[in-house]
Structure formats: structure tokens, C-alpha cells
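S.K.: I would like to see how this sequence folds:
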Amino acid sequence: MPQPDRGLLWLGLVLGCSCVPLVSAALGNNAGDALNVLLIIVDDLRLSLGCYGDKLIRSPNIDQLASHSLLFQNAFAQQAVCAPSRVSFLTGRRPDTTRLYDFNSYWRVQAGNFSTIPQYFKENGYVTMSVGKVFHPGISSNHSDDSPYSWSVRPYHPSSEKYENTKTCRGPDGELHANLICPVDVADIPEGTLPDKQSTKQAIRLLGKMKTSASPFFLAIGYHKPHIPFRYPKEFQKLYPLENITLAPDPQVPAGLPPVAYNPWMDIRQREDVQALNLSVPYGSIPVDFQRKIRQSYFASVSYVDTQVGHLLSALDDFQLANSTIVAFTSDHGRQVMDLVELISLFPTLAGLAGLHVPPRCPIPSFHVELCREGQSLLKHFRFHDLEEDLTLHGNPRESIAYSQYPRPADYPQWNSDKPSLKDIKVMGYSIRTIDYRYTVWVGFNPHDFLANFSDIHGGELYFVDSDPLQDHNMYNDSQGGYLPQSLTP
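M.R.: Okay, the predicted model is just below:
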């Protein structure tokens, strides 16, 4: 690919779940220009996007962003829970290093005084700002979004956040409920707005202020949707008539799935409209008509967020900041790269793109090291080459590996399987992914000393991607009783 004289290069990272990022790198007008950073975090965004080939989804703004993007087909978060995932990629450390697996501790106290991405930029002369759900609120960010370490100014939270899980959903009975499915008339709900609308307006205000700033900025904005509950402006529901909504291609629990791997989605079961279905726990299936309504509202929530992203990116253009700004966003698009990458690569990649010194690789262990990173820098993908040179430069994608993990309180699904507190974690699942397969081993875990016992195996999974893309056929028990790849040993 020839190098353009001026413009944007977008890097998209698709992360398997929870929190996913996309990164855009702007080419500065002069070699000495300091690049700004706009980090957009969309909560629980999956591959339901037009730029991924989904013909149903309407996501024109993200798709437009995608058209200028470098596409990663295989990128993964390190844990599929909001607080641990966000702390992981914002510090560039894995959950076993941050020692955060739940929502109930602060890594600077629990594990080490680790630097964060915004903290590093702040220490290098940037004005750092947080809007919405960036760090997870609560003790996991010290009830302060990690201030004052990470941010130059006080983080902004929308005033309407407090209504997200309250009785603001008008049901068929005319009463207000705390439902999973919650299309709303915005004018009729408390404050007449929604958190993501407020966050967009605040972020645009901050961009306007930074237009004339002598200092570069790092602005992070975290959107709540499409995370549950599906509370969004009701007009977006009209984009997806129920008769056009297809069902999931594999709704059944795979026959070979070990019980420890099953997620009983207890958070969803607590919503009033789901409770009314009287589903059996933990494997009871959702009625088909309600499945369609869930999928309809998820898609509508994606389109709602897409409009917010559109407003934000338009403001970046209006303020003439686009050509001097790196944008990191929770999606992936553009020229395809098959390499497996991890969300913890965001730290060294953003630092390198901005022209800052890339923090060194962490020693093992690294609890005593404040500034280092466990992820690989992805800067090599920003070099402009023709396709043949690019493939040669990047090497064999089958040599790439991504890791993730997930805690469980027991070998069988129970009320806290989705989100166990640290003290209740008895089993830890470790996954290794390559282009060809996913291998997961569930092993005993001691929450007091944070140690996994790889000789205490509670279950295993092995899926071959080419022949089983939906990962429905577990081959673990067919592989001579299972095996543990050397790269998974502690």
C-alpha cells in the first residue's frame, strides 16, 4: 500500500468480549507534531457490525471508520468481565498480574502501583480526561476512576447513570419495571436523557476546549451500551422488525461442554421481564419469541451507540483535530491482518504511535515494577507496504498466540458463576488461542495466594476453528485424555 501524503490510518482490534478496542493513528502534519489520543470504549460490543459482514446491522458511522481501518480478525480481551478487563488493558498487565478478577479490589493496593495508559501520557505532557465508563466505577478504580494518577481533570460521569438499572422501563401493563429489554421515550425518563448521550455531549465540549490548547490531549470516553440492560431510544427498535430477526445458529448447550465452563447468566435472570418467564436454572432455554426480542434490542443498542460515535467523530473533524489524533475504538475494520493480538497490546501501541518511548517488557514476576507492559507492540502493522511485503514482514500468523482467563466458584453452575468474588474463586480457566484452535484448561485456584494449580485439572476444552467455527464440538476428551501446552504452564 503506498503511503498517503496526509490522512488517517485506523487500526481496529476486535476483542472477544466484555470490552473491545479500536485504534486509529493520525499522521501528523510535521514530524515533530504531538499526536492527540481519543480512546472510545464500547461495552460488550461483539461482531454485530456491518463492517464484519453482518447484513442486518445498521452501523454506518462505525462502518465508515472501518473503511479507513486495518482489520484484525483475531483479537482478544484477557478476561470477559468489565472491571478486570479494563484494568488489564489500561495497565497493560494480565489479570494474574493485576490480581483483579472481580469488582472488589484496587490493583494499586492488591498487586502493585502499576502505571496506566493515561497516567503515562499525563507524565509525558498530555492533558488526560475521562468521560463515562472508562475504568469500572467503584473500588476497582478506588472510587475515583484512578484519580489523580491517571487524569489531569476530574473524570466525568453522566448524571443519568444512576437510573440505568432502575424501574424506568414501561411494560405491557403500563407500569415501570427494571427490565432487560427497555426501549424508552427519552423525553419521559428521568432527566430526559441517557448516559451515552450525556457522555457524547461532554466529550464534544472537551474536544472544543482542546482545539486551541498548547498541550496534546488524551481523551477517553466509555459508552454503556450495548451492555445490558438494553435501555435505548425506542426509535432504534424500528430499525429491526421482529420478523427480520434470526435466531442464534447454535442455541443448545454443547454436549461435550464441561459444567465448569457454562455461564448461567444470572445477571440477566435478575431482570423483571426475564424473571416473568419462569425459566429453570441453570440450563432452561429462553422462549423463541423472547430470544428474538433480546437480539432485536441488542442490535438496536448497537445502532444507538453508532450514532453517538458518529457525533463524536464528526466533532473531531469539525474542530480540525482528525489529522492530529490517534483514535482507539472497540471494533476492527479495513485491510485484513490475521495475526492474533491481545488487548494488553493497546498500551505499547498507543505510546509508540504517539512518539513516546514504548515501556519495556515486564520481567516475571513484575509486581515490583511500576512501568512496563506485558503486551506486544503492534507498531509493525502501521508500516505502509504492498501486500506481499506486508505478509512477509508480519510473519506467519500461525505463530501468534493470545491468552485469556475466567474465574469460577465451583465445578457446576451456581448463582455466582458469572461474577464470583475473589474469596469464592475455586477454579480458573486459562485459554490459549491460535489461528487453528482454542484450548482451555480449568484448574484449581487459591484466592488467598493467587496461585493456580495446573496439576489439579477440573475440565478441559479443545476446539478446531476450521472445522468447528462455532466451537460446539469439544475434542478435549478425544486427545488422549487431554494435554497441557507448554505455553500454558506457570
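S.K.: Flag the shaky bits of the stretch 1-150 of the chain, pLDDT-wise.
M.R.: Counting by pLDDT under 70, the stretch 1-150 of the chain has low-confidence residues at 1-32, 69-73.
S.K.: Which residue ranges of it form helices?
M.R.: For the stretch 1-150 of the chain, the helices defined by DSSP state H, counting those that start in this stretch occupy 60-66, 82-91, 95-98, 107-110, 117-123.
S.K.: Check which residues of stretch 42-57 are buried.
M.R.: By neighbour count on 16 or more other C-beta atoms under 10 Å, the buried set for stretch 42-57 is 42-46, 48-52, 54, 57. For glycine as for every other residue, the C-beta is placed from the backbone atoms N, C-alpha and C.
S.K.: Quick check: the farthest pair among the residues you listed?
M.R.: The most widely separated members of those, counting by C-beta to C-beta, are 43 and 50 (19.5 Å).
S.K.: My read is that residue 381 contacts residue 337, right?
M.R.: Yes: the pair formed by residue 381 and residue 337 meets the contact definition of C-beta atoms under 8 Å, at 5.8 Å.
S.K.: Which one's more surrounded, the two?
M.R.: Ranked by neighbour count (other C-beta atoms under 10 Å), residue 381 and residue 337 place residue 337 first, with 24 against 20.
S.K.: Just to be sure, that one is in a strand?
M.R.: Yes: counting by DSSP: H, G, I helix; E, B strand; the rest coil, residue 337 is part of a strand.
S.K.: Spell out the secondary structure type for residue 204.
M.R.: Three-state call for residue 204 (three-state DSSP): helix.
S.K.: how much space between it and residue 416?
M.R.: As judged by C-beta to C-beta, to the nearest Å, residue 204 and residue 416 stand 40 Å apart.
S.K.: Just want to know which of those two has more residues nearby.
M.R.: residue 204 (19 against 16).
S.K.: Where does residue 439 fall, secondary structure wise?
M.R.: According to DSSP states H and E, residue 439 maps onto strand 437-446.
S.K.: Which elements pack onto that strand?
M.R.: strand 427-433, strand 451-464 (3 or more C-beta pairs under 8 Å, 6 or more residues apart in numbering; DSSP states H and E).
S.K.: Show me the shaky parts of the stretch 301-450 of the chain.
M.R.: By pLDDT under 70, the low-scoring segments of the stretch 301-450 of the chain are 330-336, 338, 383-399.
S.K.: mind listing the helices for the stretch 151-300 of the chain?
M.R.: Going by DSSP H, counting those that start in this stretch, the stretch 151-300 of the chain shows helices at 195-210, 266-269, 272-275, 288-318.
S.K.: could I get the ones you listed as CSV with distance to residue 356?
M.R.: Below are those laid out as CSV (distance: least, C-beta to C-beta, whole Å):
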stretch, distance to residue 356
helix 195-210, 18
helix 266-269, 38
helix 272-275, 46
helix 288-318, 21
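S.K.: how many other residues sit next to residue 227?
M.R.: 20.
S.K.: residues in contact with it?
M.R.: Residue 227 makes contact with 43-44, 82, according to C-beta atoms under 8 Å, 6 or more residues apart in numbering.
S.K.: Which one of those is nearest to residue 462?
M.R.: For these, the closest approach to residue 462 (C-beta to C-beta) belongs to residue 44, at 26.6 Å.
S.K.: Verify the stated contact: that closest one with residue 226.
M.R.: Yes: counting by C-beta under 8 Å, residue 44 touches residue 226, with 5.7 Å between them.
S.K.: Can you give me every residue that contacts residue 352?
M.R.: 358, 377, 379.
S.K.: Only the buried subset of those residues, as a ChimeraX command please.
M.R.: To isolate in ChimeraX the members of those that are buried, counting by 16+ other C-beta under 10 Å, one can use:
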select :377,379
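S.K.: Now render the contacts of residue 352 as JSON lines, adding secondary structure and distance to residue 76.
M.R.: Compiled in JSON lines, the contacts of residue 352 are given as follows (DSSP: H, G, I helix; E, B strand; the rest coil; distance: C-beta to C-beta, whole Å):
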{"residue": "358", "secondary structure": "coil", "distance to residue 76": "21"}
{"residue": "377", "secondary structure": "coil", "distance to residue 76": "17"}
{"residue": "379", "secondary structure": "helix", "distance to residue 76": "19"}
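S.K.: Of the contacts of residue 352, which is the nearest to residue 283?
M.R.: Using C-beta to C-beta, residue 377 comes nearest to residue 283 of the contacts of residue 352, at 43.1 Å.
S.K.: which residues does the closest one contact?
M.R.: Residues near residue 377 by C-beta under 8 Å, 6+ apart: 345, 348-349, 352, 358.
S.K.: excluding its backbone neighbours, what's nearest it?
M.R.: residue 348 (4.0 Å; C-beta to C-beta, 6 or more residues apart in numbering).
S.K.: what angle do the one helix or strand that neighbour maps to and helix 82-91 make?
M.R.: Per DSSP H and E: residue 348 is located in helix 346-353. Between the axis of helix 346-353 and that of helix 82-91 there is an angle of 30 degrees, by axes from the mean of the first three to the mean of the last three C-alpha atoms, to 10 degrees.
S.K.: Pull helix 346-353 out as CSV, backbone CA atoms only.
M.R.: Extracted in CSV, the C-alpha atoms of helix 346-353 (Å, rounded to 0.1, in the frame of the first residue of the first chain):
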residue,chain,number,x,y,z
LEU,A,346,-3.0,-1.2,23.5
PHE,A,347,-0.6,0.4,25.9
PRO,A,348,2.7,-0.1,24.0
THR,A,349,0.9,0.5,20.7
LEU,A,350,-0.6,3.9,21.7
ALA,A,351,2.6,5.0,23.2
GLY,A,352,4.6,4.1,20.1
LEU,A,353,2.1,5.7,17.7
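S.K.: Buried ones in it, by neighbour count?
M.R.: Result for helix 346-353 [16+ other C-beta under 10 Å]: buried residues 346-353.
S.K.: hmm, back to that, from what I see, the residue nearest to residue 377 and residue 359 are in contact.
M.R.: Yes: at 6.3 Å, residue 348 counts as touching residue 359 under the criterion of C-beta under 8 Å.
S.K.: List the residues that are in contact with both of those two.
M.R.: With C-beta under 8 Å, 6+ apart as the test, residue 348 and residue 359 both reach 92, 373.
S.K.: how far away is residue 152 from residue 272?
M.R.: The gap separating residue 152 from residue 272 is 41 Å, by C-beta to C-beta.
S.K.: typo on my end, residue 401
M.R.: 43 Å.
S.K.: now the angle from the helix or strand hosting residue 327 to helix 195-210?
M.R.: Residue 327 belongs to strand 325-329 when assigned by DSSP H and E. Here the directions of strand 325-329 and helix 195-210 differ by 170 degrees (the same axes, to 10 degrees).
S.K.: Strand 325-329 versus helix 288-318: what angle between them?
M.R.: Interaxial angle, strand 325-329 versus helix 288-318 (the same axes, to 10 degrees): 180 degrees.
S.K.: what about strand 325-329, distance to the chain center?
M.R.: 15 Å (C-alpha atoms, centre = their mean, to the nearest Å).
S.K.: And for the nearest residue in space to residue 427 that is not next to it in sequence, the neighbour number?
M.R.: Nearest residue to residue 427, sequence neighbours excluded (C-beta to C-beta, 6+ apart): residue 408, at 4.3 Å. By other C-beta under 10 Å, 27 other residues sit near residue 408.
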